[in-house]
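Undergrad: fold the following for me, if possible:
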Amino acid sequence: MIPRLFNPGLLLSLLSLAGFPILPAAELTLTAPLPHQVVQRTSPGKGLLRIAGELSEELSGKDVAIEARLVGEKQATGWQRAGGSIAGKKLSGTVEAPAGGWWTLEVRVTREGKELATGGVGPVGVGEVFVVAGQSNSANFGEEKLTPQTGLVSSFDGAAWRLADDPQPGAAGEGGSFLPPLGDELARKLGVPVGFVACGIGATSVREWLPKGATFPNPPTIESRVEKRPDGLWMSKGDAYQTFLARMKSLGPRGFRAVLWHQGESDANQKDPTRTLPGDLYRKSLETVIRESRREIGWEVPWFVAQASYHVPGDEGSDDIRAAQASLARDGIALAGPDSDALKGDLRERRDRSQHPPCLRGFRHAPRESSVRSHRHGRGRPCSFRWRTHQEQSRSR
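TA: Got it, this is the predicted structure:
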């Protein structure tokens, strides 16, 4: 038993005078991963966490090692060597992590088994991540603000992660979205946390999502993100595209499962017919966004393209736009997303009088019916999710 008058400071002084090296503990502040971050898993059972941090003082030497472990509510991994390095006060590395969460990541720097610095961050998860873009329902224009019920759904705005309570960070609008109930459904089905990166902007045409300088003959209804050239053609300013691209790049190579695209209403059946986009130009424009964004991020990310062109009763869809959206899946450029034009009546806001489909009312009051009906492939088959490697996804295209 240690006497009550024991003075640890005196013991350290005596040990130092006797020639024993006393290593002061440095502080380690982790900058990656971030709290509530979901990292895309690379196989059904695991993923790779990128670690970054800053030390309060320089630690170097060939014998210095970075080690990490993950601690959950019911289990923990053992300490494992993290691949990486320390340069001055900067620490970086990677560590393999089990799929699931939430985890607390603990990191330590050691030399010959002795801890020189420790740090931690949590909660973090390894699961499924989706980038969501387009208009209206890809943003925050739903009637009701929703909250995830599982506690396993997070959102990222390009700078920070948080639990995915509506309105979704990073997207336009202050209302509700379909992401909380969709995230809950996926988390329950897959048994892992789910992350969303919402980029949607209400009332946008696909023309506004084109890269800077891409041209088209006629402007969309809203002209703030496009401009007219001296030769009479119109072109995109590229603002929406650049934000979208930056969000994808921030997740790293193969850092998310897919893009979920929901858009088309602002190109279909406009009050001024000259602002309506013909189906062939819609197909050309969206294909440009898909192919150029894949090229710039450096990998063939899958896209799910929804059937979306509904306005109000009596204007319940555009065959031209719907055919263009379906053609991208038919030709192997994208995957068939939900047919949200099929949601009508009580499954839309204000009992089918809303111009912002599909309705969040359906997710709140009839979650099973609406979630199944709004997530169907092009031929009416219920959409199922099976984990596939990126190699499998590439081959399927």
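
Undergrad: just the strands in the stretch 201-350 of the chain please.
TA: 215-216, 226-228, 234-236, 258-262, 303-307, 335-339 (DSSP state E, counting those that start in this stretch).

Undergrad: let me see the contact set for residue 107.
TA: By Cβ atoms under 8 Å, 6 or more residues apart in numbering, the contact list for residue 107 reads 28, 30, 51, 53, 66, 67, 68, 82, 91, 118, 119, 120. Every residue, glycine included, has its C-beta placed from N, CA and C.

Undergrad: the fifth one: which element?
TA: Using DSSP states H and E, residue 66 sits in strand 64-71.

Undergrad: also the first one?
TA: With the criterion set as DSSP H and E, the secondary-structure element containing residue 28 is strand 26-32.

Undergrad: tell me the buried residues in that strand?
TA: 26, 28, 30 (16 or more other Cβ atoms under 10 Å).

Undergrad: redo those residues as CSV? Include distance to residue 174 and pLDDT.
TA: As requested, the buried residues of strand 26-32 are arranged in CSV below (distance: Cβ to Cβ, whole Å; pLDDT from 0 to 100):
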residue, distance to residue 174, pLDDT
26, 44, 90
28, 38, 96
30, 32, 97
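
Undergrad: turn these into a markdown table, columns for distance to residue 254.
TA: Output for the buried residues of strand 26-32, formatted as a markdown table (distance: Cβ to Cβ, whole Å):
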| residue | distance to residue 254 |
| --- | --- |
| 26 | 33 |
| 28 | 28 |
| 30 | 22 |
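
Undergrad: and those, which is closest to residue 275?
TA: Checking the buried residues of strand 26-32 against residue 275 with Cβ to Cβ, the nearest one is residue 30 at 49.3 Å.

Undergrad: contact partners for that closest one?
TA: 51, 52, 53, 105, 107, 119, 120, 121.

Undergrad: so which residues of this structure form helices?
TA: Applying DSSP state H to the chain gives helices spanning 8-17, 179-190, 239-250, 279-297, 319-330, 361-365, 367-373, 390-396.

Undergrad: how about JSON lines for the strands of the stretch 201-350 of the chain, with mean pLDDT and mean neighbour count added?
TA: Supplementary listing: those in JSON lines, determined by pLDDT from 0 to 100; neighbours: other Cβ atoms under 10 Å:
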{"stretch": "strand 215-216", "mean pLDDT": "98", "mean neighbour count": "16"}
{"stretch": "strand 226-228", "mean pLDDT": "98", "mean neighbour count": "14"}
{"stretch": "strand 234-236", "mean pLDDT": "98", "mean neighbour count": "20"}
{"stretch": "strand 258-262", "mean pLDDT": "98", "mean neighbour count": "24"}
{"stretch": "strand 303-307", "mean pLDDT": "98", "mean neighbour count": "23"}
{"stretch": "strand 335-339", "mean pLDDT": "96", "mean neighbour count": "23"}
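
Undergrad: nearest to residue 76, of those strands?
TA: Among the strands of the stretch 201-350 of the chain, if distance is taken as Cβ to Cβ, the winner is strand 258-262, at 31.2 Å.

Undergrad: ok, and what's touching that closest one?
TA: Against strand 258-262 from outside (Cβ under 8 Å, 6+ apart): 130-138, 200, 248, 286, 293, 301-306, 308, 334-335, 337-338, 340.

Undergrad: what does stretch 319-336 give?
TA: Residues contacting stretch 319-336 (Cβ under 8 Å, 6+ apart): 258, 261, 264, 267-268, 277-280, 282-283, 286-287, 290-291, 302-309, 341, 377-378, 397.

Undergrad: what about stretch 257-273, start to end distance?
TA: End-to-end distance for stretch 257-273, by Cα to Cα, to the nearest Å: 37 Å.

Undergrad: buried set for it?
TA: Buried, per 16+ other Cβ under 10 Å, within stretch 257-273: 257-270.

Undergrad: now do the contacts for residue 112.
TA: residue 63.

Undergrad: now swap in the one 10 residues further on and tell me
TA: Residue 122 makes contacts with 35, 71, 102, 103, 104, 105, as judged by Cβ under 8 Å, 6+ apart.

Undergrad: find the nearest non-adjacent residue to the fifth one, please.
TA: Distances taken as Cβ to Cβ, 6 or more residues apart in numbering place residue 122 nearest to residue 104, at 3.4 Å, with adjacent residues excluded.

Undergrad: hang on, isn't residue 76 packed against residue 68?
TA: No: counting by Cβ atoms under 8 Å, residue 76 sits too far from residue 68 to count as a contact (11.5 Å).

Undergrad: of the two, which one has the most company?
TA: residue 68 (23 against 13; other Cβ atoms under 10 Å).

Undergrad: quick check: the gap between the more buried one and residue 224.
TA: The gap separating residue 68 from residue 224 is 46 Å, by Cβ to Cβ, to the nearest Å.

Undergrad: contact partners for residue 94?
TA: 48, 49, 50, 51, 82, 83, 84.

Undergrad: do the same with residue 140
TA: Per Cβ under 8 Å, 6+ apart, neighbours of residue 140: 166, 167, 168, 171, 172, 173, 174, 175, 176, 177, 198, 200.

Undergrad: so what's the nearest residue to residue 233 once chain neighbours are set aside bridging to?
TA: Taking Cβ to Cβ, 6+ apart, and ignoring the residues beside it in sequence, residue 233 has residue 215 as its nearest neighbour in space, at 4.6 Å. Here residue 215 sits in beta bridges with residue 235, as judged by DSSP bridges.

Undergrad: quick check: residue 215 touching residue 232?
TA: No: Residue 215 is not in contact with residue 232 according to Cβ under 8 Å; the separation is 10.1 Å.

Undergrad: can you list the domains in this structure?
TA: 24-125, 135-396 (automatic domain parsing).

Undergrad: could you point out the longest strand of this protein?
TA: The longest strand of the chain (DSSP state E) is strand 114-134.

Undergrad: show me the strands paired with it, marking each as parallel or antiparallel.
TA: In the sheet, strand 114-134 lines up with strand 26-32 (parallel), strand 37-43 (parallel), strand 100-111 (antiparallel), strand 194-198 (parallel), strand 258-262 (parallel) (DSSP bridges).

Undergrad: hmm, which helix or strand of this structure has the shakiest average pLDDT?
TA: helix 367-373 (a mean of 31; mean pLDDT, DSSP states H and E).
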